[in-house]
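Visitor: Got a sequence here, can you model it:
(one chain, ligands or ions: 2)
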Amino acid sequence: MVSRTRRSSDDSIDPLSRALAPPARESAAQRAAREAKEAEGRRVSDLIDEQIKLEKHANSRKKTPVKVLMLGQAESGKTTTVKIFQMSYARQAWEEERMSWRTVIHLNLVRSVNRILDALENAQEIASRMNLLRIRLSPLRRVQVDLERHLGLAVGDEVCAAADMGVFRRPAEVCLRSQSGWAAALGLAKQKTRIPSGRSLADGALEVILNFLEDLYRIAHRDYEPTDEDVVRARLRTVGVQEYRFVIESGREAGREWIFYDVGGSRTHRGAWHPYFMDVKAIIFLAPISVFDEKLEGDARTNRLEDSIKFWTTVCKSKLLVRVQLILFLNKCDILERKLARGVSLERYIPTFGDRKNDMPTASKYLRRQFLEIARKHSPEPRRVYSFMTTAINTRAMTSILGAVREGILNDNLRSMELVS
Ligand SMILES: Nc1nc2c(ncn2[C@@H]2O[C@H](COP(=O)(O)OP(=O)(O)OP(=O)(O)O)[C@@H](O)[C@H]2O)c(=O)[nH]1
Ligand SMILES: [Mg+2]
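Guide: Numbering: from 1, shown residues only. Ligands and ions are numbered 1, 2, ... in the order given. Next up, the predicted model:
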């Protein structure tokens, strides 16, 4: 009777349900085994669903660009830092762009050599070998004029270039200064170029030029291809706000876009960051700490370090930026170290430094403390500021710092970064 009833009810259901229905005569043990198997099946299925959901979420996160604002006074190293980020994480794009720097590097170098020669012409102690050198380098005057013409400039003008460097489309965007830091960067980066006491200025300058010449011949060669270092050291002044977009090319974060707003640091441009703060995740503020004995370009009354401190104070005070992660790069440590080693006294320019030891560990610790103290004192709300002692042109060290910064920004948790600072 019972079996008849079951058969008649089975007949009434659809074939799929019938196929899925438990066997007609199932023992208790069989049933328990079946149910356990079904439960395991459901668990695995749920797990797969959850993974799909997570992947979808991760992909949508990857599509959300990370926006970073670069702030700091002129020549503080903002654009250099962005270049190193691109070099490290969007390598293919970097290599595609590298050749387009060639002409700019040529002009950068030639102008620098010509400026050195101008300065030497005016110096009284020109040795005969210096005269010889000057004669040998005289064709560079012509080269400079040709390069300037090639770039569509009036002789002596600043070079203006679009961000991609290949096409000089938007003249107001990025400028290459005629008084480029290229010569200084190349020359100063070599210990040999320091002028030993007891030697004449002309001797020292000659040594700088001779070291420089190695690069000159390399760069002037017909088949010259800019190296990573050349591009990192090339000086381009940013005017207004330059937007750089890089898509991470490999690793866990492949596909994620990073957008850097690189704000020209001269006083007329630095206020231009206001429209960009809204959805930036972090600000990287660059303070070149080597400039304690320098004046601002075009304002002989303002000390450059003082100007940097004022700018930093404004950023820390800003209520608009209170939720943005603040990352401080105390940059140009290489130059600071050399200055201190040469005996330039920090106390002379910063009396509060007092009679502390005029060496790198003491000076950098002191300056870092001053910047962090400003943040503590002026931030509208208590906040953590992450600080790093940097030499932006040291690509290897900078890549490692930027790796930590990148992770920190992504994880919204920069605590671990302090370990590498
Ligand atoms: N020696 C040394 N040179 C550096 C360092 N950082 C940057 N430079 C050089 O300083 C010059 C200025 O660097 P940029 O990155 O163009 O400076 P910036 O902050 O973008 O300047 P603006 O565009 O004028 O706002 C370049 O020639 C760099 O190669 C550093 O840590 N050490
Ligand atoms: Mg710049």
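
Visitor: Report the contact partners of the residue of the stretch 301-421 of the chain found nearest ligand 1.
Guide: The nearest approach of the stretch 301-421 of the chain to ligand 1 comes at Ala392, 3.4 Å away (C-beta to the nearest ligand atom). From N, CA and C alone the C-beta is placed, and that goes for glycine too. Neighbouring residues of Ala392 by C-beta atoms under 8 Å, 6 or more residues apart in numbering: 77, 80-81, 84, 232, 286, 329, 331-332, 398.

Visitor: and it, helix, strand or coil?
Guide: Three-state call for Ala392 (DSSP: H, G, I helix; E, B strand; the rest coil): coil.

Visitor: Not counting sequence-adjacent ones, nearest residue to it?
Guide: Gly77 (3.9 Å; C-beta to C-beta, 6 or more residues apart in numbering).

Visitor: residues contacting the one you found?
Guide: If you count contacts by C-beta under 8 Å, 6+ apart, Gly77 has them with 286, 288, 329, 331-332, 390, 392-393.

Visitor: what pLDDT does it get?
Guide: pLDDT for Gly77: 96.

Visitor: Counting only helices, which of the contacts of Ala392 make the cut?
Guide: By the criterion of DSSP state H, membership of these in helices covers 80-81, 84, 232, 398.

Visitor: thinking again about what came up before, same list, the contacts of Ala392, but as JSON lines with distance to Pro15 please.
Guide: Supplementary listing: these in JSON lines, determined by distance: C-beta to C-beta, whole Å:
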{"residue": "Gly77", "distance to Pro15": "73"}
{"residue": "Thr80", "distance to Pro15": "71"}
{"residue": "Thr81", "distance to Pro15": "67"}
{"residue": "Ile84", "distance to Pro15": "66"}
{"residue": "Val232", "distance to Pro15": "71"}
{"residue": "Leu286", "distance to Pro15": "72"}
{"residue": "Phe329", "distance to Pro15": "70"}
{"residue": "Asn331", "distance to Pro15": "74"}
{"residue": "Lys332", "distance to Pro15": "79"}
{"residue": "Met398", "distance to Pro15": "68"}
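
Visitor: ok, back up a step: can you tell me how far the residue nearest to Ala392 is from Leu133?
Guide: Distance of Gly77 to Leu133, computed by C-beta to C-beta, to the nearest Å: 32 Å.

Visitor: do the same with Arg42
Guide: Distance, Arg42 to Leu133, using C-beta to C-beta: 84 Å.

Visitor: Please apply the same query to Ala363.
Guide: Distance of Ala363 to Leu133, computed by C-beta to C-beta: 37 Å.

Visitor: what does His221 give?
Guide: Going from His221 to Leu133 by C-beta to C-beta gives 19 Å.

Visitor: Thr103 contacts Arg149, correct?
Guide: No - under the criterion of C-beta atoms under 8 Å, Thr103 is not in contact with Arg149, lying 11.4 Å apart.

Visitor: Comparing these two, which shows the higher neighbour count?
Guide: It is Thr103, of Thr103 and Arg149, that has more neighbours when counted by other C-beta atoms under 10 Å, with 17 against 11.

Visitor: Closest residue of the stretch 1-150 of the chain to ligand 2?
Guide: Thr79 (3.2 Å; C-beta to the ion).

Visitor: what's around that residue, how many residues?
Guide: So Thr79, with other C-beta under 10 Å, has 26 neighbours.

Visitor: and what of Leu140?
Guide: 18.

Visitor: got it, and Ala300?
Guide: Each residue near Ala300 was counted by other C-beta under 10 Å, and the total is 7.

Visitor: Check what pLDDT it gets.
Guide: Per-residue confidence at Ala300 stands at 87 (pLDDT).

Visitor: what does Gly72 give?
Guide: pLDDT, Gly72: 96.

Visitor: same question, Arg129
Guide: pLDDT for Arg129: 64.

Visitor: Show me what from the chain comes close to ligand 2.
Guide: 78-79, 238 (C-beta under 5 Å from the ion).

Visitor: can we see that at 8 Å?
Guide: Residues of the chain lying near ligand 2 by C-beta under 8 Å from the ion: 70, 74-75, 78-80, 174, 236-238, 242, 262, 264-265.

Visitor: Of the residues you listed, which are in range of ligand 1?
Guide: 74-75, 78-80, 236-238, 264-265 (C-beta under 6 Å from any ligand atom).

Visitor: Those residues: which two are farthest apart?
Guide: Thr80 and Gly264 (13.8 Å; C-beta to C-beta).

Visitor: quick one, which of the two is more surrounded?
Guide: Of the pair Thr80 and Gly264, Thr80 is the one with more neighbours under other C-beta under 10 Å, namely 25 against 22.

Visitor: I'd guessed that one sits against Ala234; true?
Guide: No - Thr80 is not in contact with Ala234 according to C-beta under 8 Å; the separation is 9.1 Å.

Visitor: Phe311: which element?
Guide: helix 304-317 (DSSP states H and E).

Visitor: mean confidence for that helix?
Guide: Rounded mean pLDDT across helix 304-317 is 95.

Visitor: Just list the residues touching Leu321, thanks.
Guide: Counting by C-beta under 8 Å, 6+ apart, Leu321 touches 277, 283, 315.

Visitor: Low-confidence stretches in the stretch 1-150 of the chain?
Guide: The model of the stretch 1-150 of the chain has pLDDT under 70 over residues 1-13, 19, 57-63, 121-130, 150.

Visitor: Nearest the middle, which residue of this protein would you pick?
Guide: Ranked by distance to the mean C-alpha position of the chain (C-alpha atoms, centre = their mean), the top residue is Thr81 at 2.1 Å.

Visitor: Contacts only, for that residue.
Guide: By C-beta under 8 Å, 6+ apart, the residues touching Thr81 are 70, 284, 286, 329, 390, 392, 398, 402.

Visitor: doesn't Trp258 fall inside a helix?
Guide: No - Trp258 is assigned strand when assessed by three-state DSSP, not a helix.

Visitor: what about the strands in the stretch 201-350 of the chain?
Guide: Along the stretch 201-350 of the chain, counting by DSSP state E, counting those that start in this stretch, strands occupy 237-238, 241-247, 257-263, 282-288, 295-296, 299-303, 325-331.

Visitor: tell me the angle of the lengthiest helix in the chain relative to strand 257-263?
Guide: In the chain, taking DSSP H as the definition, the longest helix is helix 28-63. Put simply, helix 28-63 runs at 30 degrees to strand 257-263, going by axes from the mean of the first three to the mean of the last three C-alpha atoms, to 10 degrees.
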